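Asks: 3D, please:
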Amino acid sequence: MVAGAHVLAGPQDEAALLAWIGRRYAVDLYPWAPLPADPAPVHWADTRPGDTLAVHAPQLGPLRLVRPGRDGFDTSTRAGAWAHVTWQRLSPAPGLGLIDPEASPVLLWSRGEAGENVMCGGEIGSQAEAMDTVGPGYVAWATSVMGRVRRTGTPVWGLAKAAVRPDLDVHFPHVSTVYALPEALARLESGGWRARQRPHQ
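Replies: Below you'll find the model as predicted:
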């Protein structure tokens with residue numbers, strides 16, 4: 001993720017964050033996966049912890065897809081090279097395309113998971129290398145969402161000593177700050193809960 005916030009969240013935390021995001025702009029959710037030209041949004045109730053979603057704000061612009069041979073696959077750019085690698089790895093069916101984060105007002109939400117008293121971290125943020133070129137209002141919207149996580153969350157891991165809670169069982173393979181939203185923090189503070197990175201991340 002190019003710019004994002006690492007987060008630990010319980011179901012209530014995620015529902016509250018989604019509701020807050022929707023207060024400014026109505027948003028649509030899509031799987032962060034190859035999509036047809038006119039994809040149908042998915043409902044939050046049909047998604048699962050661990051899913052990776054695109055949060056699209058239609059008022060800020062359309063959802064744009066890229067395919068081989070289009071500008072998004074200009075391998076002279078970092079974004080185009082990444083799209084090419086992703087396309088080769090996924091081998092999408094004919095007619096499908098990848099979300100273009102450089103031209104679509106979307107946030108990538110990699111949802112965390114919880115089970116067996118272990119919470120796994122998630123992220124929410126922008127995949128755009130140049131956020132200011134996505135469209136008017138995008139930077140303000142994206143940064144406000146990431147800021148919301150930081151304002152309502154409690155740092156429980158990070159490089160700065162003040163961001164690390166030695167009383168909590170929290171360990172990640174990076175030095176970026178991880179914010180625990182209220183429900184997740186209460187679970188950690190109750191004892192018995194641990195926080196870790198998802199194995200496949």
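Asks: The residue lying closest to Val55 once chain neighbours are set aside: what's it in contact with?
Replies: Spatial nearest neighbour of Val55, excluding adjacent residues (C-beta to C-beta, 6 or more residues apart in numbering): Leu107 at 4.3 Å. C-beta here means a position set from N, CA and C on the backbone, and glycine is covered the same way. Applying C-beta atoms under 8 Å, 6 or more residues apart in numbering to Leu107 gives the contacts 54-55, 124-126, 142, 145.
Asks: Which residues are in contact with Leu96?
Replies: With contact set as C-beta under 8 Å, 6+ apart, Leu96 has these partners: 34-36, 67.
Asks: Of the residues you listed, just the buried ones, ChimeraX syntax please.
Replies: Listed next is the ChimeraX selection for buried residues among the contacts of Leu96, using 16 or more other C-beta atoms under 10 Å:
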select :34,35,67
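Asks: before we move on, back to that, the residue nearest to Val55 belongs to a helix?
Replies: No - Leu107 sits outside any helix when classified using DSSP: H, G, I helix; E, B strand; the rest coil, being strand.
Asks: now it: how far from Gly125?
Replies: Separation of Leu107 from Gly125 (C-beta to C-beta, to the nearest Å) stands at 6 Å.
Asks: Repeat that for His174.
Replies: Counting by C-beta to C-beta, the gap from His174 to Gly125 is 14 Å.
Asks: can you check Leu96 too?
Replies: For Leu96 relative to Gly125 (C-beta to C-beta), the value is 24 Å.
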